[in-house]
Structure formats: structure tokens, C-alpha cells
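S.K.: Make a model of this:
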Amino acid sequence: MSDKQTRMLEYLSQTPVWVTAGELADHLGVTPRTVRSYVTNVKAAAHPLDVIESGTAGYRLDLEAYAAFRSSHKPADPDSKQNRLYALVRRLTESDNGLDVYSLAAELFVSDSTIEADLARVRSLLPETGLTLGRRGSVVTLAGSETDRRRLLSRMFREETDRGMLNLETIQREFASKSLSAFKTDLIAMLDAQGYFVNEYGTNDVLLHVAIAVDRVTKRAAPLPAEPQATPPDEMTQALAVLIKRHFDVELAIGDLDYIGLLLTTRVITPGHDQPATKLIENFVRPEDLDTVRQIVTRASEEFLVDLTEETFIVRLTLHVRNLINRAQDRSFAHNPLTRSIKTSYPMIYELAVYIASQLQRQERIVINDDEIAYIAMHVGAHLQQQSRRVDLVSCAIVCPNYYDMHVLLRERIERVLGDELEVVSVVTRSDVDWNGLEADLVLTTIDPGRIGDGIIVIQPFLTETDIERIRKAASRVRRLRRRAHLKDDLLQFFDASLFSHNFYASDEDAMIRALGERMAEQGIIEPEYIDGAIERELMSSTAFTDNLAVPHSMSMTANRTSIAIVINDTPMDWGEARVNVVALVAFSAAGRKSFQDVFDQFVEVFSDRNDVQRLVRRSVDFASFIDELVHLMDQ
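M.R.: Next comes the predicted model:
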């Protein structure tokens, strides 16, 4: 299947409702007719499984059939372009004397011109890899270090796998190794015994390099060069050699072991399991790294009005940052399968991580990609969650007529099970209840209230699991409406008819940011420098936080007042790897920092439901209708 067909399946897998051909076409940047062609091709590939359901409402994925298709799906025919390219690269990396073009064409049953086209594609993969493709007559050779050859294999293998977490079964199948799973189990046990935190998201990535190393050595490839060592291999390297010998019956050279150890150190493990911050500083942290991170998080705390000054958080982030810098300098970033969900679900935390990453980039003169930013966001999010206070509790009143101590037991059960979500503000033990006098977000009653209301829930005297689920849903709705009401008050004061556009298009992200920024500058809302700051922020990581919405902005809150310039387009435009209908350039002033925190996550949340956004796009033909639809969206 093509990349766009794969993207279509991913899009369908993320929504349980019917999706129209037009919506898929907008997302993929093709015509509805092409979408129908994609569906036909996928159905043919998946036969006899009925992966995609078709109907008058559009298309819907049969998740069970899709899961069965993915688990049983084998690579395309050997003569497919992508498989042929991968096979060609593997042969080039394994050949010392080069490959004859005409012999290759004969072996693969393709024309000479097809092989020439494949070689052109190989050349396009080589920039920045350290490898070069040479040719003498009909013989082509791949020149470069063994390390760079393995990196190329790893990169191509990643592109051949599904997006998301690297699959262990796929690695085992490709490299004909049935021992990786058992090796992984013993590796994690060994690392845990030596006192390391283990990052499961990076483990399979390292296992891929282990599989490649074992495969290359088995085929008599040169080992990786060893670095001059003043000391013998450390405990982890020695244990790693023993595990590889036991599981693969291969003895890797010290250069191979050192490289795998480096990957483990920079991608998978963090020292200091169960050790206090003082011990970590003493044994593992470089003072200059600690000073750098402390300065950056102090600025981030001041800029975003959060507390990131807790010592243990700073020390553990410093350990992560040192590994990040090593990865960036080695051009081997760690893949993060949660990047998309973190960016979509926690945009404010992700934004804070972008700020930290941007400071690191400047000071260390490195490049940090989205996956690495997401790992920083995981550190920040875990810390903020631990320190967050229970300020968003939903108040509730309990109505339970007195019978022995039933009301006491009921209250204790509610507080024990739902104490993180509810605050009991009153308990009524009478049967003649003044329902209008109960001042609480929710009323939980064991008797018939004689009235209907969203905030009144009839429960059993002995709380059931069904009762608990209904209460949780009601509390979640109260919190959502509370946030939306607050958001509406804040948001509406930031919009202006002069900064609204309908069906306004630009050639790319930079052009759109400049066009909207110039309108703001003309009104004195921002200075021209703010536009450059927004473009710089966009280069760090795309501000397309959902499939429908991009929120470009500067990391410096230097606007003269907080304001939003918004564009609603019927046809989506490319924005990073997404296609968005709504672009909102947000200008925040220093005085609006608190508004930034309060508004940002909820603003993205409002635009996270694709059905709601499509309705807003269809009906927002002018500023007045946009405001009406936005208010409706926030009130529901």
C-alpha cells in the first residue's frame, strides 16, 4: 500500500464514526475519486477480510478485521518498488566488491532502466548519512563506515514498519531471529538489577541495532571500530556480551558492544533508581549540565507561571538532557510513539517542552526534533501532575434519609472511591428535601427527587459500579462545562472582526503567519519582531495541534495586548504533516501570561472533535456566524 493509503487507514482507525470521502480527501490532499480508488485497493489487499465498511454515510473501519489484517500482513511482492529498494540497499551494504547492474536486473526480472531508477532512489537516501554511491562501468559500490551502513539499514527498516512503536515481532521476522524476545526479557532484568530506570519506548529501537549487529557479524561484515580505552569494559558491557553470546551464539567485538552500550545509555536507561537527588548529583550528574538545566527551567517557570524548581525534577531532567545532547550530536534521535497524542492532548505541557528545547538548542548548538521534545514533555507533565493540587473538584450534596448509619457508610464509600473527583459539601438525611436549596454541582440521592435535572443522579444506598460510572461521567461533564464557560469569557474578548478571514489561503506556513502578523502589526497589537518569533517557533515543531487546527505563536510574550487573528477555510491547507481548516495566530502580552495558560489547552480541546470543527467551518461564513458557532461549540 502507498503512504497515503496507510494514512487513510490511520485516520479511519482514530474515529469510531462514519467518515465521508470528502473528509478523507481533505485530510490526504487528494480528490474524493482518488479516495474511492484507495478504498478499492485496500479492500483488494485485505481480501478476504472486509477491512473497510462502505455506506451512504461514507467509510468506517472494522477494527477487528483491520487488526487481523495487520497481524497477518506480509510485505508486498518482492518486485514492488519499496521492497526492491530495501533489498538493493541491503545487498550494497553486504557487498565488498560492489554489484553489477545487469546481473541485478536479470536476478530481479526487471529492466536495466528499472535498476537505474532504483539506484537514483538510493542516492536520494544518502545525503547526511556519511555514505556515497560509487560506480565504475556497470559495477556500483557503497562507500562509507560500518557505523553509517548500519544507521542506513536502521533508518530504512523504520520507514518500512508501521508508524508508532517499533514492533519486536517485525524485527524478528526481518532478521530471522527468534531470540530477541527472550534476550529483551533478560536485558531488562539485568539493567534493573544494576539500578537503572528503563525506558520501554526506546528498548525495541536498541533491539533493532542488536539484530543488525548480529546479522552483519554473521555475514562476516567488519565490526565497528573500538574507541581507545584506558579502562576495561564496565559491568554493563560485560553483562551485555554474555547475554548476546547466550541468546545468539555470537561474540561481538568490543566496538559493537560499546556502540550498543552507548545506545542503551542514551536511549533506554537512566541511572539512580531509588537514589535521592544528592546521590545522583554526586555520582552521575555533570555540574555544567545541572547549571544549564537549572537556568533554563527557572526561565521556563517565570515565563509560564509554573513551578519547575523542585530539585529531584531538575536532576532527573538533567540526566535526560545529557543523553539528549549525546543523541543530537550523534544524529541518532530517540523515537517516541506518544509524540502525536502528547501534542494533541496536552498542548500546554508540550509548549513548555518546546520552550525548554529551544533554550537547549541555542546553548548547545544542536537540533531537537518533535520526538525528543515529547520526551521532555513527559518529564514536565509527570512533575506537574505530581505537584498539582485538587482545585478542580466537583462539589456534591448527598441525599440519603436517615436509617441507622446508612448515610455515613454511603458518604465514606463515595469519598473513598470518588474522592479525587468530588468534594462532599453537605449530607441531607431528611426525606422532605428542599431541592432548590441544595447548593452543589451534583446532587446524589437515594430517593426519587420528583424532578429531572442534569445535576441530579439517583443512586443505590449501597453504591454500585454502575452508580460510580454515572457519577464520574456527570462530574466530568461539570468540569468540562465549567472550563468551557471560563474559556468563552476569555476567548471572546480576544477576537475582532478585522482579524477574521474566511477562505484566505497562503502558499505555506511562513506566508500565512506573515500575512496574519502584518494585520496585527498594522493595528499596533504586535511589533514586527513577534512575527519572526512565531516563525522561529514553527520551525521548532509544527503548531498543528490537531488534524484541523494550527495555532502559530511566538514563545516570547511580547505583544502589546493579547489577541487572536483567525482564518476559517473550507479547503484545508498543508501545515507540517497535517492539513488544517483553521489557523489561529495568537499574540500574547506579558500581562496575558495567565490567560495563555488558562486558554491554550481548552482552545485546542474545543477544536479537537472533527465533527464539531466541520460544522464550524461550514457555517462560519463571516465573523458574526463564526462567533455564534464558536459559542455554540463551547456551550454544548
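
S.K.: tell me, what residue is most central in this structure?
M.R.: By Cα atoms, centre = their mean, the chain has its centre lying nearest to residue 339, at 1.4 Å.

S.K.: Could you find the closest non-adjacent residue to residue 497?
M.R.: Leaving aside its sequence neighbours, residue 497 sits nearest to residue 623 (Cβ to Cβ, 6 or more residues apart in numbering; 4.2 Å). For glycine as for every other residue, the C-beta is placed from the backbone atoms N, C-alpha and C.

S.K.: OK, contacts around the one you found?
M.R.: Contact partners of residue 623, counting by Cβ atoms under 8 Å, 6 or more residues apart in numbering, are 495, 497, 500.

S.K.: For PyMOL, what selects the buried ones among these?
M.R.: In PyMOL syntax, the buried subset of those is picked out as below (16 or more other Cβ atoms under 10 Å):
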select buried, resi 495+500
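
S.K.: Out of the contacts of residue 623, which sit inside helices?
M.R.: Among these, DSSP state H puts none in helices.

S.K.: Make CSV out of the contacts of residue 623 and add pLDDT and distance to residue 185.
M.R.: Shown next, in CSV, are the contacts of residue 623 (pLDDT from 0 to 100; distance: Cβ to Cβ, whole Å):
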residue, pLDDT, distance to residue 185
495, 89, 56
497, 92, 63
500, 95, 58
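
S.K.: helix/strand/coil for residue 396?
M.R.: Secondary structure, DSSP: H, G, I helix; E, B strand; the rest coil: residue 396 is strand.

S.K.: Report the separation between it and residue 479.
M.R.: Distance, residue 396 to residue 479, using Cβ to Cβ, to the nearest Å: 13 Å.

S.K.: more crowded one of those two?
M.R.: For residue 396 and residue 479, the more surrounded residue by other Cβ atoms under 10 Å is residue 396, and the numbers stand at 26 against 15.

S.K.: who's in contact with the residue nearest to the more buried one when sequence neighbours are not counted?
M.R.: Counting by Cβ to Cβ, 6+ apart, the nearest residue to residue 396 once its immediate chain neighbours are dropped is residue 442, at 4.3 Å. By Cβ under 8 Å, 6+ apart, the residues touching residue 442 are 394, 395, 396, 397, 422, 455, 456, 457, 471, 474, 475, 478.

S.K.: Can you flag the buried ones in those residues?
M.R.: With burial judged by 16+ other Cβ under 10 Å, the buried subset of the contacts of residue 442 is 394, 396, 397, 422, 455, 456, 457, 471, 474, 475, 478.

S.K.: So which of those are in strands?
M.R.: Members of the buried ones among the contacts of residue 442 lying in strands (criterion: DSSP state E): 394, 396, 397, 422, 456, 457.

S.K.: Quick one: the helices in the stretch 451-600 of the chain, in order.
M.R.: Listed in chain order, the helices of the stretch 451-600 of the chain (DSSP state H, counting those that start in this stretch) span 465-492, 509-522, 528-540, 593-606.

S.K.: Which one of those helices lies nearest to residue 61?
M.R.: helix 593-606 (24.4 Å; Cβ to Cβ).

S.K.: Now do the closest one: everything it contacts.
M.R.: Under the criterion Cβ under 8 Å, 6+ apart, residues 303-306, 344, 346-348, 351, 483-484, 486-487, 490-491, 494, 545-546, 549, 551, 557, 562, 584, 588, 612, 630, 633-634 lie in contact with helix 593-606.

S.K.: Likewise for stretch 264-271?
M.R.: Under Cβ under 8 Å, 6+ apart, the answer for stretch 264-271 is 191, 195-199, 202-203, 205-206, 236, 240, 280, 283-284, 316, 319-320, 323, 326-327, 330, 332, 334.

S.K.: how's this protein carved up into domains?
M.R.: Here the domain parsing of the chain from automatic domain parsing is 3-72, 81-144, 168-271, 277-383, 394-471, 493-635.

S.K.: May I see those domains organised as a markdown table, with distance to residue 154 added?
M.R.: A markdown table is the format used below for those (distance: least, Cβ to Cβ, whole Å):
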| stretch | distance to residue 154 |
| --- | --- |
| domain 3-72 | 19 |
| domain 81-144 | 11 |
| domain 168-271 | 6 |
| domain 277-383 | 9 |
| domain 394-471 | 43 |
| domain 493-635 | 21 |
